[in-house]
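[1] okay, here's the prediction I keep looking at, along with the sequence it came from:
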2 protein chains.
Amino acid sequence: MVLKFITRNKQTILYGISLALLLFLLKWLELRFIIIDHAFEIYIGFIALIFTGLGIWLALKLSRPRIETVVIEKEVMVEKSAGPVPDLNELEKLNLSKRELEVLQLMADGLSNQEIADRLFLSLNTIKTHSLRLFSKMDVERRTQAVDKAKKLNIIR
Amino acid sequence: MVLKFITRNKQTILYGISLALLLFLLKWLELRFIIIDHAFEIYIGFIALIFTGLGIWLALKLSRPRIETVVIEKEVMVEKSAGPVPDLNELEKLNLSKRELEVLQLMADGLSNQEIADRLFLSLNTIKTHSLRLFSKMDVERRTQAVDKAKKLNIIR
DNA sequence: ATAAAAATCACCCTTAAGTATGAATGAGGA
DNA sequence: TCCTCATTCATACTTAAGGGTGATTTTTAT
């Protein structure tokens, strides 16, 4: 019972002990500097202890428990929207060339620029230019964004 | 040995040190106010305030927050297709942690590491480590591959 | 209580990706 | 024919991503 209390409040007890030690230190310093008034020191220490306790009590009483919200997503099946294929319209709007679309598809398959270059028997620099024009036309900045957008528009598989 | 003690009781020691600083401050103020004279009530009030604050701080630091679990059901639209959903099995095989999955999802949305870090209030380095572990677990080398694979396994939307 | 796993962050280094600019070539339309 | 555009490639630069190692802290499970 007592042991359990001790283990559970280990830190608080340690705090109390260190406080005691500090008061002793203060006492020692008091002697050193010959600035006296025992009653005053003790009084102050007492006040400090009491109000620390008050603070702790206040905090424990007033603090609202942290609420962890667990969101359970309930899946609801819904028909895949937008009908069969909004492909062609969107694709033409973007005005991508054959090569650019090819590069885009390979990007979506997770290939690096070098791998795309090897696959298409092109230079790495060429792939870079294609991808830059591609990003520009699709109004994105990264291949990951391009792939995401392209998939959402259904212009690639 | 000593080092271990220090690391283990770091918090308590920090409390002790800050308390010591506080007491020194009070000592100094005491000298000041004694010279000014008859500011006793103010002094006491000051101490009371400070130690109440200290107590509150201590309590908030030391007390483990009570956690209330609130379950909210949230309906989410899901595409009907995607076949028989090999989700959970595959997902568990990969043994991804919550964070890793979160990072993966944000990668799939085309965010850069920096943007993911900002979104999750984490360091860029943290995102890097998460993504490295992720790539390792998924047996891929690039974010684009990871996203592609994850989508094929239906472990992300 | 203690071990294990998850999560966080740092530092350093290498490689890939992205940016800017310029230029040559070839096919097809005006 | 002349012009446009797609395609190809280069050089040089900046930034982001990937990779390795180690440390601390928090959470979880035993």
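    Perfect, I can see it now. Quick caveat: nothing in here was measured; it's all calculated off a predicted structure.
[2] quick check, stretch A:94-112 touching DNA strand C?
    Yes - judged by C-beta under 7 Å from any atom of the strand, stretch A:94-112 and DNA strand C are in contact via residue A:112. (Glycine included, C-beta is placed from N, CA and C.)
[3] got a list of contacts for that stretch?
    Contact partners of stretch A:94-112, identified using C-beta atoms under 8 Å, 6 or more residues apart in numbering or on different chains, comprise A:91, A:115-116, A:119-120, A:127, A:130-131, A:133-134, A:137-138, A:143, A:146-147, A:150-151, A:155-157, B:140, B:142, B:144-149.
[4] restricted to helices, list those residues.
    Among these, the residues falling in helices (DSSP state H) are A:91, A:115-116, A:119-120, A:127, A:130-131, A:133-134, A:137-138, A:143, A:146-147, A:150-151, B:144-149.
[5] check the residues you listed against DNA strand D, which are close?
    By C-beta under 7 Å from any atom of the strand, the members of these lying near DNA strand D are A:120, A:130, B:144.
[6] in chain A, which helix or strand is least confident?
    Taking mean pLDDT, DSSP states H and E as the measure, chain A has helix A:2-8 as its least confident helix or strand, at a mean of 42.
[7] phi first, then psi, for residue A:112.
    Main-chain dihedrals, residue A:112, degrees, to the nearest 10: phi -80, psi 170.
[8] now for it, how many residues are close by?
    By the criterion of other C-beta atoms under 10 Å in any protein chain shown, residue A:112 has 17 neighbours.
[9] and for residue A:139?
    Residue A:139: 10 surrounding residues under other C-beta under 10 Å.
[10] against residue A:102, how distant is it?
    Noted for residue A:139: a distance of 20 Å to residue A:102, by C-beta to C-beta, to the nearest Å.
[11] and what of residue A:49?
    Residue A:49 is 77 Å from residue A:102, where distance means C-beta to C-beta.
[12] again, but for residue A:138
    15 Å.
[13] the two: which is more packed in?
    For residue A:138 and residue A:102, the more surrounded residue by other C-beta under 10 Å is residue A:138, and the numbers stand at 19 against 15.
[14] list the contacts of the more buried one.
    Taking C-beta under 8 Å, 6+ apart, we find residue A:138 in contact with A:94, A:96, A:145-146, A:149-150.
[15] what is the nearest of those to chain B?
    residue A:145 (3.3 Å; C-beta to the nearest C-beta).
[16] which residue packs closest to the closest one, ignoring adjacent ones?
    Spatially, and ignoring its direct neighbours in sequence, residue A:145 is nearest to residue B:110 (3.3 Å; C-beta to C-beta, 6 or more residues apart in numbering or on different chains).
[17] tally up the residues packed near the one you found, please.
    19.
[18] which phi and psi does it have?
    Phi and psi for residue B:110, reported as degrees, to the nearest 10, are phi 90, psi 10.
[19] how close does it sit to DNA strand D?
    Distance from residue B:110 to DNA strand D, counting by C-beta to the nearest atom of the strand, to the nearest Å: 9 Å.
[20] quick one: that residue from residue A:143, how far?
    Separation of residue B:110 from residue A:143 (C-beta to C-beta) stands at 9 Å.
[21] same question, residue A:118
    Residue A:118 is 17 Å from residue A:143, by C-beta to C-beta.
[22] do the same with residue A:48
    On the measure of C-beta to C-beta, residue A:48 and residue A:143 end up 62 Å apart.
[23] give me the pLDDT for residue A:113.
    Residue A:113 is assigned a pLDDT of 96 by the prediction.
[24] OK, contacts around it?
    A:124, A:127-128, A:131.
[25] any chance of a markdown table for those residues, columns distance to residue B:28?
    A markdown table is the format used below for the contacts of residue A:113 (distance: C-beta to C-beta, whole Å):
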| residue | distance to residue B:28 |
| --- | --- |
| A:124 | 69 |
| A:127 | 70 |
| A:128 | 66 |
| A:131 | 66 |
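[26] just checking: which of those residues also lie near DNA strand C?
    Subset of the contacts of residue A:113 in contact with DNA strand C: A:128, A:131, counting by C-beta under 7 Å from any atom of the strand.
[27] can you pick the most crowded of the contacts of residue A:113?
    Busiest of the contacts of residue A:113 [other C-beta under 10 Å] is residue A:127, holding 25 neighbours.
[28] could you report the pLDDT at that residue?
    At residue A:127, pLDDT is 96.
[29] looks like it contacts residue A:116 (just checking).
    Yes - between residue A:127 and residue A:116 there is a contact at 5.1 Å, judged by C-beta atoms under 8 Å.
[30] number of nearby residues for residue A:150?
    Neighbour tally, residue A:150, other C-beta under 10 Å: 24.
[31] any idea how far it is from DNA strand C?
    The gap separating residue A:150 from DNA strand C is 13 Å, by C-beta to the nearest atom of the strand.
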